[in-house]
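# next come a sequence and a model predicted from it.
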Amino acid sequence: MDMLIGGKHISSEDLQEVKNPYDGEIIDMVPIAHRQTADLAIQQANIAKKDLAEMSAFKISNKLFNVVDKLRQNRTDFAELLSLEVGKPINESLVELDRSIETLKLAAEEAKRVYGESVPLDAGLNGKGFFAFTQRLPLGVVAAITPFNYPLNLTIHKIAPAIACKNTVIVKPPTEAPLTVMKFCELLDEEFPDGVVNTVTGYGSEIGDYLVTSPEINKISFTGSVTTGMMISQKAGMKKVTLELGGNDPMVVLKDADIDKAVKGVINGAFLNAGQVCMGVKRIIIEDEIADEFCNRLVSETEKFVMGNPLDSKTTLGTLISEKAAIQVEETVNNAVGEGAKILTGGNRDGAFYEATVVDNVVMDMDLVAFETFGPVAPIIRVNSVQEAIDVANDTDYGLQAGVFTSDYANAMKCAQEIEAGTVFINKQSTFRTDNMPFGGFKNSGVGKEGIKYAVEEMTKTKLIGLNLR
Ligand code: NAP
């Protein structure tokens, strides 16, 4: 598939294979862009700013709704492509499509709500006699750099609000899974003037880095790992930057919790998308008194997962993004076992597949939980009090989301207030998001928020206009 720059299909002499992680077959080839191609995209995106500025919010909203319709009509094709390139079960891909359609709809609605406000300057010293108001203006060109795990919805979380508030966009999709994003940008291009949305494929360390340092790009909206995010924040200079980074989300299970509900939370939270979810349940911190019973029920539910061809609707656990990624998870679990952890179920790898795995007797010193493990693993950390659970939950550099399971309101509120995370859910696992909510972590999990309304705030600048009526 070609890149899309200024409304034209552009290729390159150098091509990259996109492989199906399930069977290793080549699905397609995409160009490896070099700097001249990125320069062309930057130039086209800057030229298209004028075309977008001249479009009314009414028209932009309608056009985004047209893309909603097109995406809905092509839902199954997109979902199949997503399963092919990411290895996620088709039913999960269909959910990602539904979320993507919803995200786009929210942006189409938000395009009509880019409000300013009147400001009472007379509340300040010498401000009497002014009439003042603010306008929210686009930043200009937004570079959207996105990861492989939810490539479509996470990219729409950047492109759609950017266009809703009249920014043009350059998308750098993930090298391992660029196709659904590129196909989606074709749909957008049918509706909007050439250059409003552009795709540039190639290696993040080269072409992504080049976009981040370009003075002609006004905003970097990045989702990906902490390591890359930190590099971007050091290199972006005076640009606005939003960083949606990794997580090491705790699920705190107190002794008065509804155990079945908590077990279901792990099943839906630790193994979704083969555990490759930023807000996945990555540490289960449980009061020792109920831990044995909880583990027994969790193991029996975990053993129900069916690994297989992601396109088969009976498959409930797909592959990781690559065999290399699966080997990394296998090694991390095996190292934890070497340090005293115990596998209760799972622990085996087959190519890019890694079994749904429950590991008991985990402590925070182990790499399995000290860092983000991006795979289908549920590590159990046993504690003896509510305070210890909170302290363990906070014993990490990450702070994306958290879940707390308890039937005690006082403990629920104590956990909600003391756990350092962008979101704390009570009686729900961290692996939950609606596409309108403010989403973004504390600590190393990120800077800024997404969720359409909040993304628009981060993609606009405020101008104050004051009329001296004295
Ligand atoms: P990644 O390696 O950081 O890559 C993300 C994107 O950044 C890719 O498009 C990548 O390109 C590009 N990139 C790599 N190096 C770059 C550089 N020096 N400058 C600019 N761009 C660069 O992350 P990943 O492995 O794809 O994704 C997994 C991570 O994302 C996990 O940590 C997960 O928790 C996090 N994540 C966070 C959220 C959130 O909303 N908070 C959501 C999903 C995932 P290439 O593909 O070409 O390397």
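Here it is on my side, so go on. Residues are numbered from 1 along each chain as shown.
# point me to the residue of the stretch 1-150 of the chain nearest the ligand.
The minimum distance from the stretch 1-150 of the chain to the ligand, using Cβ to the nearest ligand atom, falls at residue 147 (3.1 Å). Backbone N, C-alpha and C define where each C-beta goes, glycine included.
# hang on, that residue in a helix?
No: using DSSP: H, G, I helix; E, B strand; the rest coil, the assignment for residue 147 is coil, not a helix.
# residue 275 versus the residue lying closest to it once chain neighbours are set aside, what's the distance?
Leaving aside its sequence neighbours, residue 147 sits nearest to residue 224 (Cβ to Cβ, 6 or more residues apart in numbering; 4.5 Å). To residue 275, residue 224 is 17 Å away according to Cβ to Cβ, to the nearest Å.
# quick one, what contacts the residue nearest to residue 147?
145-147, 204, 244-245 (Cβ atoms under 8 Å, 6 or more residues apart in numbering).
# so residue 379 sits in a helix?
No: the assignment for residue 379, made by three-state DSSP, is strand rather than a helix.
# neighbours of it, how many?
Neighbour count for residue 379, taken as other Cβ atoms under 10 Å: 26.
# ok, what's across the strand from it?
Beta bridges link residue 379 to residue 359, judged by DSSP bridges.
# use 11 as the first number from now on
With 11 as the first residue, the last one maps to residue 389.
# tell me the contacts of it?
292-294, 346, 351, 369, 372, 376, 378-379, 383.
# spell out the secondary structure type for the most centrally placed residue in the chain.
What sits nearest the mean C-alpha location of the chain, by Cα atoms, centre = their mean, is residue 164, with 4.9 Å. The local conformation at residue 164, judged by three-state DSSP, is helix.
# am I right that it is in contact with residue 158?
No: in this structure residue 164 lies outside contact range of residue 158 using Cβ atoms under 8 Å: 9.5 Å.
# give me the distance between the residue nearest to residue 157 and the ligand.
3 Å (Cβ to the nearest ligand atom, to the nearest Å).
# swap in residue 282?
In terms of Cβ to the nearest ligand atom, residue 282 sits 12 Å off from the ligand.
# what's near enough to touch that residue?
102, 290, 441.
# so how do I select the buried members of those residues in ChimeraX?
Written as a ChimeraX command, the selection of buried residues from the contacts of residue 282, which uses 16 or more other Cβ atoms under 10 Å, is:
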select :102,290,441
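# can I get the contacts of residue 282 in CSV with pLDDT?
Shown next, in CSV, are those (pLDDT from 0 to 100):
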residue, pLDDT
102, 98
290, 98
441, 98
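# quick one: contacts for the residue nearest to the centre of the chain?
Contacts of residue 164 (Cβ under 8 Å, 6+ apart): 156-157, 233, 254.
# now, which of the contacts of residue 282 lie close to the ligand?
Checking the contacts of residue 282 against the ligand by Cβ under 6 Å from any ligand atom, not one of them is in range.
# can you flag which of the contacts of residue 282 belong to strands?
Judged by DSSP state E, strands contain none of the contacts of residue 282.
# give me the phi and psi for the closest residue to residue 212 other than its chain neighbours.
Distances taken as Cβ to Cβ, 6+ apart put residue 43 closest to residue 212, at 4.0 Å, once the chain neighbours are dropped. Backbone torsions for residue 43, taken as degrees, to the nearest 10, come to phi -80, psi 150.
# just give the number of residues close to residue 43.
Residue 43 has 27 nearby residues by other Cβ under 10 Å.
# surely it and residue 213 touch.
No: in this structure residue 43 lies outside contact range of residue 213 using Cβ under 8 Å: 9.0 Å.
# the domain parsing of the protein - what is it?
13-255+455-478, 260-444 (automatic domain parsing).
# now do the same end-to-end measure for the first one.
End-to-end span of domain 13-255+455-478 (Cα to Cα, to the nearest Å): 50 Å.
# what's the neighbour count on whatever residue of the stretch 261-410 of the chain ends up closest to the ligand?
Nearest residue of the stretch 261-410 of the chain to the ligand (Cβ to the nearest ligand atom) works out as residue 288 at 3.2 Å. Using other Cβ under 10 Å, residue 288 is surrounded by 30 other residues.
# pLDDT score for it?
In this prediction, residue 288 carries a pLDDT score of 98.
# just checking, it touches residue 257?
Yes: Residue 288 lies in contact with residue 257 (Cβ under 8 Å); the separation is 4.8 Å.
# shared neighbours of the two, which are they?
Contact criterion Cβ under 8 Å, 6+ apart; residues shared by residue 288 and residue 257: 410, 455.
# picking up where we left off before, which among the contacts of residue 389 count as buried?
Using 16+ other Cβ under 10 Å as the burial test, the contacts of residue 389 include 292-294, 346, 351, 369, 372, 376, 378-379, 383 as buried.
# and the contacts of residue 234 as a markdown table, adding neighbour count?
Shown next, in a markdown table, are these (neighbours: other Cβ atoms under 10 Å):
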| residue | neighbour count |
| --- | --- |
| 155 | 26 |
| 156 | 28 |
| 157 | 24 |
| 214 | 21 |
| 254 | 28 |
| 255 | 27 |
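# nearest to residue 319, of the residues you listed?
residue 157 (23.7 Å; Cβ to Cβ).
# ramachandran angles for that closest one?
Here residue 157 shows phi and psi, under degrees, to the nearest 10, equal to phi -100, psi 180.
# and the stretch 111-260 of the chain, which residues reach the ligand?
Counting by Cβ under 6 Å from any ligand atom, the stretch 111-260 of the chain sits next to the ligand at 155-160, 164, 182, 184-186, 213-215, 218-219, 222, 233-235, 238, 241-242, 254-257.
# OK, contacts around residue 361?
Residue 361 makes contact with 329, 333, 336, according to Cβ under 8 Å, 6+ apart.
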